[in-house]
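Visitor: With the sequence up front, the predicted model follows.
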Amino acid sequence: MSSTQDLINKLSAQHNLPDAELLRLLTSAKPETNLLLAAAADKVRRQYYGNKVYIRGLIEFTNYCKNNCFYCGIRAGNSCACRYRLTKEDILACCREGYALGFRTFVLQGGEDPYFTDARICEIIAAIRTLYPDCAITLSIGEKKRASYQAYFDAGANRYLLRHETANAEHYAKLHPASMSLANRKRCLYDLKAIGYQVGSGFMVGSPYQTPENLLADLRFLQALHPDMIGIGPYITHAQTPFAHEASGTAEQTLRLLAMLRLMFPYALLPSTTALATITPQGRKLGLKAGGNVVMPNLSPAGVRKLYSLYENKACTGTEAAQNLALLQAEVQQAGYEIAVDRGDVIKKTKL
Ligand code: 5AD
């Protein structure tokens, strides 16, 4: 049987492996596997993106949500959640502050909040587009009709983040209520691509009932979708959800998948996520060293950051706060990279 290093070399060179070999990497219990994967991932990331780390200003503009995902702290059924919405003026103030700090991408993220009709979303996008023509506008507002996605795009949005969460339909059904389906999630992702968005997808690592075969299916789905961005983070338990007693995912498994994603998708934008930084003290840095090349500090008004609580103890101070860019810059430099002040578009994708 080939060694772990042989498998990693093959994955680095071919950006792909047969199912059995990917599963071997996913389930390897050898302590050195993550170190070897991270070293290979860092090499590939430097080949494609040099030492650049792209920053996105994250604006969490509503925590109202009509959905009831079993894992999520802002699910409709969580009556303990303290709900808020930002106004258009609040959002524009975040952009103004972010622009001055050096952000050239704004990510508008929110629950699926019926208050924000297509007309209201388009009005916000158009205002940002007019004021900041040199910036990318990213939306992360869930499942919509194709016509809605088209309207947002026409208003000036460029990118869309929608994690598929899990590519296995039975697993999907264990994480979501019957009103939601993997089929519709996929329909959304393909609609977004067809319209011309730069598309981000992804999944949670260590979500309840997840198997190594599910993770393999996630990797295969991403190969088929060929997204520009792939966001992954550990599942983190939230007490006010039906999964209150389920275990969280681990940093180790998240870092392993991050490195594998870098080797399989060398061109991709891969965030070192807040969830990873939340679950382990050096998470942000370790994520960068395992192939991550994006960080998304929080630009939301300080007063609402804790309320956008998808999971417990969300990190939102220190380097998670957009205002502390100097701190983040130091951390990124310490890890061996540099923050880029530009839009940070995906590089020309090669069909692998
Ligand atoms: N733990 C980790 N990630 C979560 N998300 C939602 N709830 C949780 C949780 N409890 C992730 C989902 C969603 C993204 C915005 O946050 O993957 O797509």
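Guide: In hand now; what should we look at?
Visitor: For the rest of this, base every contact and every neighbour count on C-alpha atoms.
Guide: Noted.
Visitor: and Ala268, what does it touch?
Guide: By CA atoms under 8 Å, 6 or more residues apart in numbering, Ala268 lies in contact with 227-230, 262, 346-347.
Visitor: if you set the cut-off to 6 Å instead, what comes out?
Guide: For Ala268, the contacting residues are 228-229, taking CA atoms under 6 Å, 6 or more residues apart in numbering as the criterion.
Visitor: distance of it from Asp345?
Guide: 10 Å (CA to CA, to the nearest Å).
Visitor: And Ser2, by the same measure?
Guide: Taking CA to CA as the measure, Ser2 and Asp345 are separated by 37 Å.
Visitor: what comes into contact with the lengthiest strand in the chain?
Guide: When the chain is scanned for its longest strand (criterion: DSSP state E), the result is strand 198-205. Judged by CA under 6 Å, 6+ apart, the contacts made with strand 198-205 from elsewhere in the structure are 159-166, 227-235, 249, 254.
Visitor: what about burial for these, which qualify?
Guide: Neighbour-count burial (16 or more other CA atoms under 10 Å) applied to those gives 159-166, 227-235, 249, 254.
Visitor: Intersect those residues with the contacts of the ligand.
Guide: By CA under 6 Å from any ligand atom, the members of the buried ones among the contacts of strand 198-205 lying near the ligand are 163, 165, 234-235.
Visitor: which of the residues you listed lies closest to the ligand?
Guide: Tyr235 (3.7 Å; CA to the nearest ligand atom).
Visitor: between Ser2 and Asp345, who's got more neighbours?
Guide: Legend: neighbour count by other CA atoms under 10 Å for Ser2 and Asp345, higher for Asp345 (16 against 7).
Visitor: which residues sit in contact with the more buried one?
Guide: If a contact means CA under 6 Å, 6+ apart, then Asp345 has no contacts.
Visitor: gap between it and the ligand?
Guide: Computed with CA to the nearest ligand atom, to the nearest Å, the distance linking Asp345 and the ligand is 21 Å.
Visitor: Can I take it that that residue is in a helix?
Guide: No. Checked against DSSP: H, G, I helix; E, B strand; the rest coil, Asp345 lies outside a helix; its state is coil.
Visitor: longest helix of the chain?
Guide: For the chain, the helix with the greatest residue count under DSSP state H is helix 33-49.
Visitor: just checking, what packs against the helix or strand following that helix?
Guide: The helix or strand immediately downstream of helix 33-49 is strand 52-55, counting by DSSP states H and E. Using 3 or more CA pairs under 6 Å, 6 or more residues apart in numbering; DSSP states H and E as the contact definition, the elements that strand 52-55 packs against are strand 294-295, strand 338-340.
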